[in-house]
Structures are given as structure tokens and as C-alpha cells.
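Colleague: Sequence plus the predicted model coming up.
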Amino acid sequence: MDNKPLNRIKVMMAERMITNKELGKLLGKDPATVSKWVTNTSQPTLENLIEIAKVLKCDIGDLVRKDDSIVIDKKKE
């Protein structure tokens, strides 16, 4: 079984019971574009990410995977 991280946009949409079609309509985007975002086939631009956060009434940070953060080792500085 593939252990891929969850797509945060997909999670937030599910929590709010919004479909790809509904989100696409609210954003003025094709539902196929939204589908590509939630399947990680492509990524939304920063501008689109801001609009997605507004529509889903969440913080933009909620849409970004937190497990991809970079740890800086200050001992090397």
C-alpha cells in the first residue's frame, strides 16, 4: 500500500462537504483543474491557494502540508 501524505486541499474540502465541481464554480475554475490539485497532478498558484483558503474559510497554512517543513541545524552556523 502506498503511504502518500494526505492532500490538505482535499481534506479541507471533505471537512466542508464541498465537491470539486462546487469549488471550481466558486473559484471560476474548471472542476478538472480542481481535481488535478486534489490528486497532486498539479499544484495551484499562490494566488489560487489564497482564493481556495478564502472559499474554504480556512488559513492558507491549513492547505499546505506541514510534514514538508525544513529543519535548520543551527549547530552548523
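Modeller: Arrived safely, thanks for sending.
Colleague: Give me the most central residue, the chain.
Modeller: The chain has residue 9 as the residue nearest its centroid, 3.2 Å off, counting by CA atoms, centre = their mean.
Colleague: what about that residue, distance to residue 27?
Modeller: With distances taken as CB to CB, to the nearest Å, residue 9 is found 11 Å from residue 27. Placement of C-beta: from N, CA and C, glycine included.
Colleague: who's in contact with the residue nearest to the centre of the chain?
Modeller: Counting by CB atoms under 8 Å, 6 or more residues apart in numbering, residue 9 touches 37, 38, 44, 52, 56, 63.
Colleague: what's next to whichever strand or helix holds the first one, contact-wise?
Modeller: Assessed by DSSP states H and E, residue 37 sits inside helix 31-38. When contacts are taken as CB under 8 Å, 6+ apart, the neighbours of helix 31-38 outside the stretch itself are 7, 9-10, 13, 19-21, 23-25, 27, 41-44, 52.
Colleague: If we use 7 Å, what do you get?
Modeller: 7, 9, 10, 13, 20, 21, 23, 24, 42, 43, 44 (CB atoms under 7 Å, 6 or more residues apart in numbering).
Colleague: Residue 24: what's its closest spatial neighbour, skipping adjacent residues?
Modeller: Spatial nearest neighbour of residue 24, chain neighbours left out: residue 31 (4.1 Å); criterion: CB to CB, 6 or more residues apart in numbering.
Colleague: which residues of the protein fall in helices?
Modeller: Per DSSP state H, the chain carries helices over the ranges 8-15, 20-27, 31-38, 46-56.
Colleague: Which residues belonging to the last one are considered buried?
Modeller: Right, the one you point to is helix 46-56. By neighbour count with 16 or more other CB atoms under 10 Å, helix 46-56 contains the buried residues 49, 51, 52, 53, 55, 56.
Colleague: again with stretch 18-31
Modeller: 18, 20, 23, 24, 27, 29.
Colleague: By mean pLDDT, which helix or strand of the protein comes out lowest?
Modeller: Least confident helix or strand of the chain, by mean pLDDT, DSSP states H and E, is helix 8-15 with a mean of 93.
Colleague: the inter-axis angle of that helix versus helix 31-38?
Modeller: Orientation note: helix 8-15 sits at an angle of 110 degrees relative to helix 31-38 (axes from the mean of the first three to the mean of the last three CA atoms, to 10 degrees).
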